[in-house]
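Participant: predicted model and sequence follow; I will ask about them next.
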Amino acid sequence: MRAIKLTNPGGLDNLKLAEIEAVEPQCGEIRIRNHASSLNFHDYVIALGLIATDDGRIPMSDGAGVVEAVGAGVTEFQVGDKVMSCFFPHWADGRADSLAKVGGVPGDNVDGFAAETVTMSASAFTHMPADYSFEQAATLPCAALTAWRALMVEAKVKPGDTVLVQGSGGVSVFALQFAKAAGCHVIATSSSDAKLQRLKELGADQLINYREVENWGDKVLEITAGGGANVIVEVGGSGTLPQSVRAVAMGGHISMIGVLTGFQGEVPTAELFQKNAAISGITVGSRANQIDMVKAINTNGIQPVIDRSFDLENLADAFRLQESQQHFGKICLNF
């Protein structure tokens, strides 16, 4: 079976195709024939070697495939079931209140899903949404679940809320889709008019080009007649957080997800507490969150937006497209 391995010290030129043997599942484990994966920023950072991993690590946190062998004691899955991975295999439910829950990330702490065969604990998987392709399912475990937890679990959005999403990456597009399915009004920002038009086609109600409107927080207040956004899906980090605080409503919620503009910066704390707003850090979600998300997808029929798919051996090219920021939605591997 084929796999991609990353040799130290990392870098896209150090992603090499290799042959691996299928591993028989032990008690509590399943083996899947993996058919797809999708790219996340976390995977990109791993591939560049900015997060240290073992030499020869198989990268990629997301995967979707078919169960082909079941170990003793496994009752939730059977041979032939279509499954997808969990970003945090040890976080079954509840809050992220221990390091143990957020360990064991595939492609980081253990070998991941840039491989045609994967053997892991059955708790590292859930069933796929009905009628999804493997590529579609592989977009969900990191990006979609992050958006789901940000909106549904932490912010607890309700119909009529105003939700602001930033950009057109995987998390932001899923957040737009989930928010619209929940009956929310969505404001979308981007630096590209072409991407803003695509966000409008997906349901965005108001659009802001942040290259043209530097103080877009004030623009959000203008659009909402001074009320602000009830929920902001914050993927930028330090560079965009001051505008998010400006844009958030009284008693609103900022779901802090990304650090695309930097790891440190000033926070307008006075405005934040005057608004009685909350900021919550979001690192994907639990297995229980994922099961709930799949139920919702089966009901509302959301379709992931996939920009382009690559063969397994072209993973480095897929990452180069990701770093160019020319994509819209998710980039997938299909094998």
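Facilitator: Cool, got the structure.
Participant: what's the neighbour count on the residue lying closest to His42 once chain neighbours are set aside?
Facilitator: Closest residue to His42 apart from its sequence neighbours, by C-beta to C-beta, 6 or more residues apart in numbering: Ser61 at 6.2 Å. Any C-beta I mention is one placed from the backbone N, CA and C, and that applies to glycine too. Number of residues near Ser61 (other C-beta atoms under 10 Å) recorded here: 25.
Participant: contacts only, for Ser61.
Facilitator: Taking C-beta atoms under 8 Å, 6 or more residues apart in numbering as the criterion, Ser61 is in contact with 40, 42-43, 85, 87, 105-108, 112-113, 141-142.
Participant: please repeat the previous calculation with a cut-off of 10 Å.
Facilitator: Under the criterion of C-beta atoms under 10 Å, 6 or more residues apart in numbering, the contact partners of Ser61 comprise 37-40, 42-43, 46, 85-88, 105-108, 112-114, 141-142, 284.
Participant: phi, psi of it?
Facilitator: Backbone torsions for Ser61, taken as degrees, to the nearest 10, come to phi -90, psi -20.
Participant: please tell me how far it sits from Val118.
Facilitator: Distance of Ser61 to Val118, given as C-beta to C-beta, to the nearest Å: 12 Å.
Participant: shared neighbours of these two, anything?
Facilitator: Shared between the contact lists of Ser61 and Val118 (criterion: C-beta under 10 Å, 6+ apart) are residues 85, 106, 112.
Participant: let me know the average pLDDT across the helix or strand containing Glu222.
Facilitator: Assigned by DSSP states H and E, Glu222 falls within helix 216-223. Averaging pLDDT along helix 216-223 gives 98.
Participant: could you dump it to PDB, C-alpha only?
Facilitator: Only the C-alpha atoms of helix 216-223 are listed here, as PDB (Å, rounded to 0.1, in the frame of the first residue of the first chain):
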ATOM      1  CA  TRP A 216     -14.500  46.800   8.500                       C
ATOM      2  CA  GLY A 217     -15.700  46.600  12.200                       C
ATOM      3  CA  ASP A 218     -17.300  50.000  11.700                       C
ATOM      4  CA  LYS A 219     -18.900  48.700   8.500                       C
ATOM      5  CA  VAL A 220     -20.400  45.800  10.300                       C
ATOM      6  CA  LEU A 221     -21.900  48.200  12.800                       C
ATOM      7  CA  GLU A 222     -23.300  50.300   9.900                       C
ATOM      8  CA  ILE A 223     -24.800  47.200   8.300                       C
END
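Participant: follow-up on the earlier one: which of the contacts of Ser61 fall within helices?
Facilitator: Judged by DSSP state H, helices contain the following of these: 42-43, 46.
Participant: if you rank those by neighbours, which is first?
Facilitator: With neighbours defined as other C-beta under 10 Å, the most crowded of those is Asp43; it has 27 neighbours.
Participant: stretch 149-161: which residues count as buried?
Facilitator: By 16 or more other C-beta atoms under 10 Å, the buried positions in stretch 149-161 come out as 149-155, 157, 161.
Participant: what's the answer for stretch 50-64, then?
Facilitator: Neighbour counts using 16+ other C-beta under 10 Å place 53, 57-64 of stretch 50-64 among the buried residues.
Participant: now the end-to-end length of it.
Facilitator: Using C-alpha to C-alpha, to the nearest Å, the gap from the first to the last residue of stretch 50-64 comes to 26 Å.
Participant: list the contacts of the helix or strand of the chain with the lowest mean pLDDT.
Facilitator: Counting by mean pLDDT, DSSP states H and E, the chain has its least confident helix or strand at helix 269-274, which shows a mean of 90. Residues outside helix 269-274 that contact it (C-beta under 10 Å, 6+ apart) are 217, 241-242, 244-246, 248, 250, 254, 268, 277-279.
Participant: residue nearest the centroid of the protein?
Facilitator: With distances taken as C-alpha atoms, centre = their mean, the chain has Ala143 as the residue nearest its mean C-alpha position (1.3 Å).
Participant: looking at it, that residue is touching Asn40, isn't it?
Facilitator: Yes. In this structure Ala143 lies within contact range of Asn40 using C-beta atoms under 10 Å: 6.2 Å.
Participant: shared neighbours of these two, which are they?
Facilitator: Between them, Ala143 and Asn40 share these contacting residues under C-beta under 10 Å, 6+ apart: 62, 87, 169-171, 284, 330.
Participant: what would those look like in JSON lines with secondary structure and pLDDT?
Facilitator: What follows is those, written out as JSON lines (DSSP: H, G, I helix; E, B strand; the rest coil; pLDDT from 0 to 100):
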{"residue": "Asp62", "secondary structure": "coil", "pLDDT": "98"}
{"residue": "Phe87", "secondary structure": "coil", "pLDDT": "98"}
{"residue": "Gly169", "secondary structure": "coil", "pLDDT": "92"}
{"residue": "Gly170", "secondary structure": "helix", "pLDDT": "95"}
{"residue": "Val171", "secondary structure": "helix", "pLDDT": "96"}
{"residue": "Val284", "secondary structure": "coil", "pLDDT": "97"}
{"residue": "Lys330", "secondary structure": "strand", "pLDDT": "98"}
